[in-house]
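Novice: next comes the sequence, and after it the predicted model I'd like to discuss.
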Amino acid sequence: MQQGKLIIFSAPSGSGKTTLVHHLLSIPELELSFSVSAASRAKRANETDGVDYHFLSPAEFRSRIANDDFLEWEEVYPDQFYGTLRSEVGRIHSEGKHVIFDVDVVGGLNIKERFGERALAVFVQPPSVQELEQRLRGRSSESEESLGRRVGKARKELAFANRFDVTLINDDLETAKEEAYGLVSNFLQ
């Protein structure tokens, strides 16, 4: 098996990409390791630095941007940055594993552009915007304003689906897990 490939999962919030990534990480034969993103937002109570995100202050994030430490980054809201550190890819490849990313749509496309054929870019699509909104409501973690912002962003992100290598429609989770496994397993051979 060739080492050093990259698997990118991108999707609007609530599409199920994180669930699919965790499923794939649980399959040892795929030899995947998760790329921990960097974020400048405050750490939540249930999060661990270096596991959920590499938490950086906005000033530190800007400094790392200036040092070209990121493969990709985005300022999602004022002073709220998210990005992928180059060092994460190096760390994972040095372990002899393949990198799997759970990143936003713009970040996913930027990584794909940088790595070309070494990367598989998967867009996880909800069955509909209405279903996506229901999933987000089911989380009970969003205010109406936040929910509206996420649904609006999702509508824009759905327009990028055709720029990915493959679109995986997450209508039924078990079917989506099987399809994700098949896509990744074939790509890594």
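Specialist: Ah, there it is. Residues are numbered from 1 along each chain as shown.
Novice: model confidence for Phe81, exactly?
Specialist: Phe81 is assigned a predicted lDDT (pLDDT) of 94.
Novice: what residues are up against it?
Specialist: Residues in contact with Phe81 (Cβ atoms under 8 Å, 6 or more residues apart in numbering) are 38-40, 56, 58, 61-62, 65, 73-75. In short, each C-beta sits where N, CA and C put it, glycine included.
Novice: let's see which of the residues you listed end up in strands.
Specialist: Of those, the ones assigned to strands by DSSP state E are 38-39, 73-75.
Novice: any of those buried? List them.
Specialist: When the ones in strands among the contacts of Phe81 are checked for burial by 16 or more other Cβ atoms under 10 Å, the buried set is 38-39, 73.
Novice: ok, Lys17 - how many residues close by?
Specialist: Per other Cβ atoms under 10 Å, the neighbour tally for Lys17 reads 27.
Novice: thought it was touching Asp102?
Specialist: Yes. Between Lys17 and Asp102 there is a contact at 5.7 Å, judged by Cβ atoms under 8 Å.
Novice: list residues touching both of the two?
Specialist: Shared contacts of Lys17 and Asp102 (Cβ under 8 Å, 6+ apart): Phe9.
Novice: next, count neighbours for Gly108.
Specialist: Here the number of neighbours of Gly108 (other Cβ under 10 Å) works out to 27.
Novice: before we move on, what about Tyr77?
Specialist: Tyr77 has 10 nearby residues by other Cβ under 10 Å.
Novice: do you know the pLDDT at it?
Specialist: Here the pLDDT value assigned to Tyr77 is 80.
Novice: 49 is where my numbering starts, stick with that
Specialist: Understood, numbering begins at 49; the last thing we discussed is Tyr125.
Novice: now pLDDT too, for the buried ones among the ones in strands among the contacts of Phe129, in JSON lines please.
Specialist: Listed next are these as JSON lines, based on pLDDT from 0 to 100:
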{"residue": "Ala86", "pLDDT": "96"}
{"residue": "Ala87", "pLDDT": "95"}
{"residue": "Trp121", "pLDDT": "94"}
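Novice: for Val170, state which of these is nearest.
Specialist: Of all these, Trp121 has the smallest distance to Val170: 20.8 Å, by Cβ to Cβ.
Novice: pretty sure that closest one contacts Arg134?
Specialist: No. Assessed by Cβ under 8 Å, Trp121 is found out of contact with Arg134, at 10.9 Å.
Novice: in the helix or strand bottoming out on mean pLDDT in the chain, which residues are buried?
Specialist: Lowest mean confidence among the helices and strands of the chain (mean pLDDT, DSSP states H and E): helix 177-187, at a mean of 74. By 16+ other Cβ under 10 Å, the buried positions in helix 177-187 come out as 180-181, 184.
Novice: now do stretch 153-173
Specialist: For stretch 153-173, burial by neighbour count (16+ other Cβ under 10 Å) applies to 153-160, 163, 167-173.
Novice: now do stretch 138-154
Specialist: 140-141, 145-154.
Novice: before we move on, the earlier item: dump the contacts of Phe129 to a markdown table, plus distance to Asn94.
Specialist: Formatted as a markdown table, the contacts of Phe129 follow (distance: Cβ to Cβ, whole Å):
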| residue | distance to Asn94 |
| --- | --- |
| Ala86 | 18 |
| Ala87 | 14 |
| Ser88 | 19 |
| Leu104 | 19 |
| Pro106 | 22 |
| Phe109 | 22 |
| Arg110 | 27 |
| Ile113 | 28 |
| Trp121 | 24 |
| Glu122 | 24 |
| Glu123 | 25 |
